[in-house]
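In: Predicted model and sequence follow; I will ask about them next.
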Amino acid sequence: MLCIEDLAVPPEGFLHGEPEGAEYYEAVQMAGMDDFHFGYFAAYRAGRLVTVAPYFVMNFRLNTLLPNGWLKQSLSLIRFKLACIGNPIADVGRIHGDASLEILSAINEELAKKGSLLAYKGFGQDLPLPDFVQAIGLPVPVLALGPDYYQSMKSDRRNLLKRKLKKSSALRYEECAGLPENLVPKVYQLYLNTYHKADLKFEKLTPEYFVNTNALSQYLLFYLEDELIGFTQLIGKGNKLVNRYIGLDYDKSRDHGLYFAMFIRAIDFGIREGFTEIELGATSYEFKRILGARQLPTWNYYRHTTPLFNWILGKLRGVLEPSESELR
């Protein structure tokens with residue numbers, strides 16, 4: 001017999017091999033982000049835990065995934081209570097354990113009690129969700145790392161990266177295990193710079209996020225003279241490294257090649273520390289292709305509990321998928 005329990009915290013061993021595992025999910029959960037409620041569906045068969053599916057609930061505007069423009073404005077008033085399997089921050093959705101049709105169907109019955117619009121965020125193409133509208137999500141650039149990373153690169157690309165790194169020679173670069181408490185306000189200010197500049201906004205972090213994830217993170221810090229003008233948050237475990245968040249001072253970044261330097265230094269860090277791959281974040285695809293990243297495709301799944309609205313979602317599938325400008 002299958003039994004589903006709704007837990008407030010992840011059970012022991014949840015995503016234990018992933019950089020963004022139980023500790024990270026709990027840190028995000030406790031960060032006090034507005035309008036988000038978090039939980040975990042645990043599926044048991046004959047008393048044995050077989051699946052853990054993280055979820056979040058929020059008020060979702062249908063235009064959230066659209067770039068700025070008339071269509072985004074015209075759909076701004078359409079909103080649903082969204083109950084979603086996944087995590088609002090993680091680019092890749094993960095379910096711990098068995099994700100069979102039987103188990104997901106049972107989880108969806110519980111999910112429907114929390115919202116009218118059900119969703120799965122950032123998963124593969126083959127989830128057994130036959131009644132859901134399947135929409136292409138943002139691909140995740142993943143770069144293979146190794147001691148021969150630069151040697152195996154074509155010479156013109158290698159020279160391009162050298163030139164970009166040389167442009168940042170006036171910057172002072174530091175690595176920091178965790179984030180010193182006195183730097184949290186400045187790092188948060190730099191993060192907000194990138195948040196406000198982005199066309200696509202899903203979640204907005206709080207300063208508590210950077211405090212809560214401190215012990216899990218490695219920071220790359222970039223100074224112009226004595227002023228912190230950029231940071232990279234890295235989270236690693238096993239052979240995987242995640243380039244989680246960046247922040248920068250846009251008034252000073254262009255003249256000093258800051259944006260490019262942050263990613264090149266993250267790669268250097270990953271190679272030195274023995275990681276074999278790094279997730280580079282779902283933005284700025286062209287530059288990440290130059291770095292050699294492959295695009296890991298993702299899909300989002302949607303189902304409205306009202307059949308008519310679910311039919312309309314199918315007709316509006318394109319609204320739920322990334323635009324060309326977001327994939328550049």
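Out: Great, that's in hand.

In: Which single strand of the protein contains the most residues?
Out: When the chain is parsed with DSSP state E, its longest strand is strand 48-61.

In: lowest average confidence, helix or strand, in the protein?
Out: Across the helices and strands of the chain, the lowest-confidence element by mean pLDDT, DSSP states H and E is helix 70-74, at a mean of 63.

In: can you map out the strands along the stretch 151-300 of the chain?
Out: 171-177, 218-224, 227-237, 240-248, 277-279, 294-296, 299-304 (DSSP state E, counting those that start in this stretch).

In: SS state for the closest residue to Lys114 other than its chain neighbours?
Out: For Lys114, ignoring the flanking residues on the chain, the nearest one in space by CB to CB, 6 or more residues apart in numbering is Ala83 at 4.0 Å. Where C-beta positions appear, they are placed from N, C-alpha and C, glycine not excepted. Following DSSP: H, G, I helix; E, B strand; the rest coil, we place Ala83 in the strand state.

In: Tell me the bridge partners for Ala83.
Out: For Ala83, the beta-bridge partners are Val57, Leu118 (DSSP bridges).

In: show me where this protein has helices.
Out: Under the criterion DSSP state H, the chain carries helices at the ranges 22-29, 70-74, 101-111, 155-167, 184-197, 207-212, 250-253, 258-272, 285-290, 307-315.

In: got the CA positions of the fourth one in CSV?
Out: Meaning helix 155-167. C-alpha atoms of helix 155-167 as CSV (Å, rounded to 0.1, in the frame of the first residue of the first chain):
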residue,chain,number,x,y,z
SER,A,155,43.4,28.3,-29.9
ASP,A,156,41.2,31.2,-30.9
ARG,A,157,38.8,30.6,-28.0
ARG,A,158,41.7,30.1,-25.6
ASN,A,159,43.2,33.4,-26.7
LEU,A,160,39.8,35.1,-26.4
LEU,A,161,39.6,34.0,-22.8
LYS,A,162,43.1,35.2,-22.1
ARG,A,163,42.3,38.6,-23.5
LYS,A,164,39.1,38.9,-21.4
LEU,A,165,41.0,37.9,-18.3
LYS,A,166,43.7,40.4,-19.0
LYS,A,167,41.1,43.1,-19.2
